[in-house]
Every structure is written in structure tokens, then in C-alpha cells.
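Trainee: heads up, no residue letters with this:
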């Protein structure tokens with residue numbers, strides 16, 4: 001609750017910018033917004049492709065797609081993607097995959113999604129080297145704490161593994177299962193294509209939604225720069241454990257778009273419309289789908 005409380009404080013302090021941003025929403029051009037809504041729907045297809053590519057067995061397609069839609073709603077109950085992971089883990093076990101293999105497939109999906117997002121960001125930064133001032137997204141005061149945390153995490157993990165032999169054995173067993181699952185998946189070209197193609201398509205489609213919303217609201221920032229701003233912002237907020245990235249994603253996106261050259265009020269309006277399309281409008285039907293899947297014992 002603390003991050004959400006801090007977001008509320010920031011919103012009150014900058015209420016004039018938020019009010020102006022909401023005012024800009026009335027000027028949106030609907031054809032661009034409809035195209036953005038279509039791209040949003042395709043993100044669930046990309047997620048389903050990546051999930052299928054992470055396992056050798058064929059999963060039921062319609063149920064898999066419905067599960068990705070429902071997972072979006074579950075993602076707003078738990079931080080850092082745990083809701084979607086829990087839904088998909090349950091779905092795979094109900095489909096007959098052992099828990100160890102389902103966990104390995106989930107880890108492979110998360111790895112592919114992270115690699116795909118970083119690879120796309122790197123390619124865009126090479127193509128548009130002046131698209132973003134990273135200093136605006138990562139203030140100097142934050143560099144020291146982030147480096148300290150990055151250095152402390154492997155030290156704590158190493159100490160825990162050294163002191164807890166059961167944990168060491170469980171980790172070794174999981175890694176053997178995960179590596180075996182990865183080898184099996186990559187032995188099938190269709191599965192490998194679905195895994196890595198979906199992993200690249202998912203962030204690309206999300207970035208496209210932001211670009212289309214920016215065009216709808218007349219944000220004077222090149223499309224490539226907006227895509228870089230989106231990818232950089234989502235990578236930066238991955239360390240902030242808020243449910244569904246609520247608050248942290250909005251703040252980082254506004255900062256990134258302003259750093260890319262957009263006016264603050266218009267950038268705020270674009271982020272509000274983007275999150276409305278990708279988070280808030282699908283939330284209720286996603287929750288209803290989640291409840292239906294639970295009732296039907298699909299998950």
C-alpha cells in the first residue's frame with residue numbers, strides 16, 4: 001500500500017498537470033485510439049504464443065488465450081507479475097503438466113520476455129541513439145542505492161545457498177528440470193519460434209499502443225522515440241513492486257516522454273489514455289473471465 005500512497009501524494013501535488021492531461025483526452029482522434037485498442041488485443045495473442053512456446057505439449061488454444069486475458073486482471077492483485085504467473089502456473093498444472101515442469105516453463109517464459117524486451121530496447125537505442133536522456137529516467141541520487149541493492153542481492157543469495165543445503169538441493173533440481181525443458185522446447189523449431197517470436201512481439205505491440213495513443217493526442221515526439229521511452233520506462237520500473245505497476249509505470253512513462261521531448265500535459269494525457277486502454281478497461285471483463293475460468297476448473 002505504501003507505493004500507492006506515495007503515488008496519491010504525488011498526484012495531489014501535481015493535480016494541475018493531471019487536470020490539464022485529462023482535458024487533453026477530449027481532443028483524441030478516435031481512429032488512432034481504435035487502432036491502439038486492436039494492438040492491445042493482439043498483446044494477449046502474443047502472450048499466448050510465448051506461453052505455448054515454453055512447453056512441448058500442445059495447450060488448448062482457446063483456453064490458453066482466455067487465461068492470458070484473465071491473467072491481466074490477476075496481475076493487479078499481486079506485485080511484479082505474480083498474479084499472472086500464479087494463474088498460468090495453475091493453468092498448466094490443470095492441463096496435466098507436473099508442477100516442476102510447469103514452474104520450469106514459467107521461468108523460461110519470464111526469461112524470454114525479459115530478453116525480448118531488452119533486445120528490442122537495445123536495437124531501438126542503436127537505431128535512435130538520441131531518443132532518450134537516461135539521466136532523466138534514472139536520477140544521479142538513485143544510482144548509488146541501485147548499485148548497492150544489485151551488489152547485495154547476489155551476496156545474500158550466495159550466503160543463503162551456503163547455509164541451507166535443502167535450498168541448494170531444491171535449486172539444483174529446479175535448474176536440471178528447467179534446462180531439460182529448454183532443450184526440449186528448442187529441439188522443436190515451431191515451439192522455439194513461438195517462444196521468441198511472442199517474446200519480441202509482446203513488448204513491440206505494447207510500445208505500438210503507446211505510439212498510436214500518442215498520435216491520437218497529437219504528441220509531438222517521433223514514433224521511435226516514444227517506443228524507446230516506453231521500453232526504458234518499463235525496464236526501469238521492474239524493480240518497483242507495485243501491483244500491475246500501478247503508479248510507478250505512469251510516473252516513469254510521463255518522465256520518459258517528457259525526456260524524449262514531449263510537453264508535460266500532453267505526455268500525461270497520453271499515459272492516462274494508454275493505461276486506460278491497457279489496464280483499466282480490460283480489468284472488469286478480465287476479472288469476470290478469471291472467475292468463469294475458476295468456476296469451470298480451467299485454472
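Mentor: All right, it came through fine. Predicted, not measured: the structure shown is a model, and the values here were computed from it. Numbering: from 1, shown residues only.
Trainee: all contacts plus neighbour counts: C-alpha atoms, from now on.
Mentor: Will do.
Trainee: for the stretch 151-299 of the chain, what are the low-confidence residue spans?
Mentor: 151-153, 161, 238-248 (pLDDT under 70).
Trainee: quick one, helices of the stretch 151-299 of the chain?
Mentor: 165-186, 189-216, 223-236, 248-259, 264-275, 281-295 (DSSP state H, counting those that start in this stretch).
Trainee: For the last one, name the packing helices and strands.
Mentor: Other helices and strands packing on helix 281-295, by 3 or more CA pairs under 8 Å, 6 or more residues apart in numbering; DSSP states H and E, are helix 61-74.
Trainee: Neighbours of residue 99, how many?
Mentor: Neighbourhood size, residue 99 [other CA atoms under 10 Å]: 14.
Trainee: Next up, identify which helix or strand residue 96 is on.
Mentor: In this structure, residue 96 is located outside every helix and strand according to DSSP states H and E.
Trainee: cool, residue 130 as well?
Mentor: Mapping residue 130 onto the secondary structure by DSSP H and E places it in no helix or strand at all.
Trainee: Kindly list the main-chain dihedrals of it?
Mentor: When read as degrees, to the nearest 10, the backbone of residue 130 gives phi -100, psi 20.
Trainee: swap in residue 188?
Mentor: phi -110, psi 110.
Trainee: what sits against it?
Mentor: Shown here is residue 188, whose contacts under the criterion CA atoms under 8 Å, 6 or more residues apart in numbering are residue 56.
Trainee: Residue 58 versus that one, what's the distance?
Mentor: Counting by CA to CA, to the nearest Å, the gap from residue 188 to residue 58 is 12 Å.
Trainee: can you tell me which residues contact the residue nearest to residue 284 when sequence neighbours are not counted?
Mentor: Spatially, and ignoring its direct neighbours in sequence, residue 284 is nearest to residue 73 (7.6 Å; CA to CA, 6 or more residues apart in numbering). Residue 73 makes contact with 84, 282-284, 286-287, 290, according to CA under 8 Å, 6+ apart.
Trainee: Serialize the helices of the stretch 151-299 of the chain to TSV and add fields for distance to residue 116 and mean neighbour count.
Mentor: Supplementary listing: the helices of the stretch 151-299 of the chain in TSV, determined by distance: least, CA to CA, whole Å; neighbours: other CA atoms under 10 Å:
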stretch	distance to residue 116	mean neighbour count
helix 165-186	16	15
helix 189-216	5	23
helix 223-236	11	23
helix 248-259	19	24
helix 264-275	21	24
helix 281-295	24	16
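Trainee: can you put these in a markdown table and add distance to residue 64?
Mentor: Shown next, in a markdown table, are these (distance: least, CA to CA, whole Å):
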| stretch | distance to residue 64 |
| --- | --- |
| helix 165-186 | 18 |
| helix 189-216 | 14 |
| helix 223-236 | 25 |
| helix 248-259 | 27 |
| helix 264-275 | 24 |
| helix 281-295 | 11 |
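Trainee: now for those, which one comes closest to residue 32?
Mentor: Taking CA to CA, helix 189-216 is the member of the helices of the stretch 151-299 of the chain nearest to residue 32, at 5.0 Å.
Trainee: Enumerate the positions of stretch 100-112 that are buried.
Mentor: Within stretch 100-112, the residues that qualify as buried are 101-110, 112, counting by 16 or more other CA atoms under 10 Å.
Trainee: Let me know the average pLDDT across it.
Mentor: The predicted model gives stretch 100-112 an average pLDDT of 91.
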